[in-house]
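what would the 3D arrangement of this be:
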Amino acid sequence: MPDLVGVQGPEWRPAAEIDVSDLLDTAARRWSAQPHAAAALAWKCYSYWCALPAVLGFAASRRVPLMTPDHVLVRYSEPRPFLTLALRSPVTAVLATDPIVATDAPGLLIVEDEDELLGVLRRSLVDAHLEPLLEEFRKRARIGRRTLWGSVASGVAYGLSRAADSLPGPTLDIAHRILGVLDADDLVELAPRAGGGLDIQRKTCCLAFTLPTPKVCTTCCIR
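Here you go, the predicted model:
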């Protein structure tokens, strides 16, 4: 967790105070993209890095850092990397049976079972953070909710696939379980891959093919 923690300062801003118009303008310059494509690509980056700590925390250790806007710091710029996220004063939801509970470590939210832990993941990541931010994106760019949420689904699946070696249990089962909680399981087709990873097929597109130098991702629904 220490590597995820940042300190609020000039280069960081709280996610709760992010200027979405400025973020999208920066994305448009970064990729020389039209507004709807800039929104799609900015959302793809933001939702991936925002979801990853909570998703991998649950999948690997049943520990879920709360990714609410008041716990997340953001910085972005035109050069690479476009976007970086960090946590401030992190709070982590853990099971009552987790050995860390006995250590009296600070910043713990204790829950009784995995279903409750997944509920915390859903409420902190989706209900409190991504859903409100998605609406702000859509106010500023003509882009559908399904297009944006498809990037959440593919990002979650990709992150789990990359971490397959460190996950207890089949990656495919874990992916379907988490995507179901996020109401995103119907936006990707998944299949097990040799070595424990996933073959991922999106049902939506991040619009990277519209860039001046078109890009078609390996998971894209466009061929």
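
tell me which residues in stretch 157-175 are buried?
Using 16 or more other CB atoms under 10 Å as the test for burial, stretch 157-175 gives 157, 158, 159, 160, 161, 163, 164, 167, 171, 172, 174, 175. In this view, the C-beta of every residue, glycine as well, is placed from N, C-alpha and C.

got a list of contacts for that stretch?
Stretch 157-175 is contacted from outside by 48, 51-52, 55-56, 59-60, 156, 178-179, 188, 190-193, 195-198, 200, 219, using CB atoms under 8 Å, 6 or more residues apart in numbering.

longest helix in the chain, by residue count?
helix 35-61 (DSSP state H).

which strands border the one helix or strand in the chain whose mean pLDDT sits lowest, and is each parallel or antiparallel?
Lowest by mean pLDDT, DSSP states H and E among the helices and strands of the chain is strand 13-14, with a mean of 90. Note on strand 13-14: by DSSP bridges, its sheet partners are strand 72-76 (antiparallel).

centre of the chain versus the partner strand, how much separation?
Computed by CA atoms, centre = their mean, to the nearest Å, the separation of strand 72-76 from the middle of its chain amounts to 13 Å.

what does stretch 210-223 give?
Mean-position distance between stretch 210-223 and its chain equals 21 Å (CA atoms, centre = their mean).

please apply the same query to stretch 82-98.
Chain-centre distance of stretch 82-98: 13 Å, with CA atoms, centre = their mean.

report pLDDT for the residue positioned nearest the centre of the chain.
Centrality entry for the chain: nearest residue to the mean C-alpha point is residue 51, 2.5 Å, by CA atoms, centre = their mean. With respect to pLDDT, residue 51 scores 97.

show the contacting residues for it.
Residue 51 sits next to 67, 125, 130, 152, 155, 156, 159 when contact means CB under 8 Å, 6+ apart.

any chance of the buried residues of stretch 157-175 in CSV with distance to residue 97, secondary structure and pLDDT as columns?
Shown next, in CSV, are these (distance: CB to CB, whole Å; DSSP: H, G, I helix; E, B strand; the rest coil; pLDDT from 0 to 100):
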residue, distance to residue 97, secondary structure, pLDDT
157, 28, helix, 97
158, 30, helix, 96
159, 25, helix, 97
160, 23, helix, 97
161, 28, helix, 96
163, 23, coil, 96
164, 25, helix, 95
167, 19, coil, 94
171, 23, helix, 96
172, 25, helix, 97
174, 19, helix, 97
175, 24, helix, 97
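
from these, which is closest to residue 38?
Nearest to residue 38 among the buried residues of stretch 157-175, counting by CB to CB, is residue 158 at 21.1 Å.

quick check: the closest one vs residue 22, distance?
27 Å (CB to CB, to the nearest Å).
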